[in-house]
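>>> structure of the sequence below:
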Amino acid sequence: MGNAARPGTVVVREIDHDPFAVDGEQYLVRELVWNGIDGRSYDLVRRRDDQVLTEDESFDSHPTDAQIAAVLEEHGLDAEPETCERRQKESLVATAHWHDNEWVGT
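Residues are numbered from 1 along each chain as shown. Just a heads-up that it's a prediction; the model follows:
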């Protein structure tokens, strides 16, 4: 009979993006692919224990460094982004990760 679940109610695939470090701790963005819809969700995950830090509400697109910093601050970590002089974009301090076909961070 197949899966009769309503579209957008079942995660059919998880894609872990490249990990990055903030203050000595490893994190990653996990992309969630849902059944029957094109939309995706993105969670911030601490690698050490696979804890989803965006459990209350996922992002609708890959989060910016400022959004990641806000989530980390909600969990007690001071992760204020700074503006990169070369790129004139905000990036988390002491991070480097691949996003939108370029390295983000330092």
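>>> low-confidence ranges, this structure, go.
Residues of the chain meeting the criterion pLDDT under 70: 1-4, 81-91, 93-106.
>>> secondary structure element holding the residue lying closest to residue 61 once chain neighbours are set aside?
Of all residues not flanking residue 61 in the chain, residue 42 sits nearest, at 6.7 Å (CB to CB, 6 or more residues apart in numbering). To be clear about C-beta, it is placed using only N, CA and C from the backbone, and glycine gets the same treatment. Taking DSSP states H and E as the definition, residue 42 sits inside strand 40-46.
>>> what packs against that strand?
Secondary-structure packing of strand 40-46 (3 or more CB pairs under 8 Å, 6 or more residues apart in numbering; DSSP states H and E): strand 25-34, strand 51-52, helix 65-74.
>>> so which of those is nearest residue 8?
Nearest of these to residue 8, taken as CB to CB: strand 25-34 at 4.9 Å.
>>> okay, now the residue nearest to residue 61: neighbour count?
By the criterion of other CB atoms under 10 Å, residue 42 has 19 neighbours.
>>> any idea how far it is from residue 49?
Distance, residue 42 to residue 49, by CB to CB, to the nearest Å: 19 Å.
>>> wait, residue 42 sits on residue 64?
No - the criterion here is CB atoms under 8 Å, and residue 42 misses it with residue 64 at 10.8 Å.
>>> ok, residue 13 to residue 32 distance?
8 Å.
>>> can you list the helices and strands packed on strand 40-46 in JSON lines and add mean neighbour count?
JSON lines is the format used below for these (neighbours: other CB atoms under 10 Å):
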{"stretch": "strand 25-34", "mean neighbour count": "17"}
{"stretch": "strand 51-52", "mean neighbour count": "12"}
{"stretch": "helix 65-74", "mean neighbour count": "18"}
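>>> residue 46 - nearest residue in space that isn't next to it in sequence?
Closest residue to residue 46 apart from its sequence neighbours, by CB to CB, 6+ apart: residue 27 at 5.7 Å.
>>> wait, residue 51
residue 45 (6.8 Å).
>>> now do the same contact list for the residue sitting nearest the centre point of the chain.
In the chain, the centroid-proximal residue (CA atoms, centre = their mean) is residue 29; its distance is 2.9 Å. Residue 29 makes contacts with 16-17, 42-45, 62-63, 68, as judged by CB atoms under 8 Å, 6 or more residues apart in numbering.
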